[in-house]
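Participant: I would like the atomic coordinates for the input below:
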Amino acid sequence: MRHKKLGRKLGIRADHRKAQRMNMLTALITHGRVVTTLAKAKEYRRHADKIIHLAKVRTLARMRRAASQLGNKRSIVKRLFDVVAPQFVERPGGYTRILKLAKPRVGDAAPRAILELVGESERRAKAAEEARALEAEKATKGKKSKKAKGEEAGAEPAKS
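Facilitator: Okay, here's the model as predicted:
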């Protein structure tokens with residue numbers, strides 16, 4: 001029996017689990033969300049919350065601990081401490097959420113889920129809205145300039 005055995009084995013060796021954890025956390029810090037299986041999302045959520053909690057206070061020791069868990073990737077550690085952790089300074093915990101997807105994985109019908117940082121979907125929606133507004137502004141600006149050019153061309157011969 002697995003009494004008091006914390007964590008999931010996920011059907012892979014320990015060294016593979018460690019590498020997968022590093023890659024999953026790196027992707028989560030870089031992109032803000034990761035699409036994976038439900039079991040992996042539940043397992044790596046624990047690690048993501050721990051590393052974000054670690055990064056809330058910026059000390060050399062904490063940066064080194066985070067670097068050791070992320071495979072000594074300086075750019076990822078820098079992003080964790082400079083961009084991700086400051087978003088959660090006031091939050092006491094629960095830095096990630098798991099959203100279950102309706103469609104299972106194609107190959108083996110494994111249940112899929114999205115592991116994302118809290119507030120990431122709102123940031124993505126806001127960015128998409130800003131992009132749409134910018135596109136609409138460009139489109140209206142382009143139509144006005146074409147219309148104005150046509151009127152100017154028509155107006156000039158009338159003056160002569």
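
Participant: Could you find the closest non-adjacent residue to the residue sitting nearest the centre point of the chain?
Facilitator: The chain has residue 32 as the residue nearest its centroid, 1.0 Å off, counting by C-alpha atoms, centre = their mean. Spatially, and ignoring its direct neighbours in sequence, residue 32 is nearest to residue 120 (4.1 Å; C-beta to C-beta, 6 or more residues apart in numbering). C-beta coordinates here come from the backbone N, C-alpha and C atoms, glycine included.

Participant: which residues touch the helix or strand where residue 52 lies?
Facilitator: Assigned by DSSP states H and E, residue 52 belongs to helix 38-55. Contact partners of helix 38-55, identified using C-beta atoms under 8 Å, 6 or more residues apart in numbering, comprise 7-8, 10, 20-21, 24-25, 28, 34, 36, 62, 65-66, 69-70, 80-81, 84-85, 88, 93-96, 98, 100, 110-115, 117.

Participant: now swap in stretch 1-20 and tell me
Facilitator: If you take C-beta under 8 Å, 6+ apart as the criterion, stretch 1-20 is touched by 39-40, 42-43, 46.

Participant: again with stretch 96-105
Facilitator: 28, 35, 37-38, 41-42, 45, 48-49, 52, 110-118.

Participant: wait, is residue 116 part of a strand?
Facilitator: Yes. With DSSP: H, G, I helix; E, B strand; the rest coil as the criterion, residue 116 is assigned to a strand.

Participant: thinking it is in contact with residue 31, fair?
Facilitator: No. Look at residue 116 against residue 31 with C-beta atoms under 8 Å: they stay out of range, at 9.0 Å.

Participant: check contacts around residue 113.
Facilitator: Per C-beta under 8 Å, 6+ apart, neighbours of residue 113: 35-38, 41-42, 98-101.

Participant: Please consider this matter closed, and thank you.
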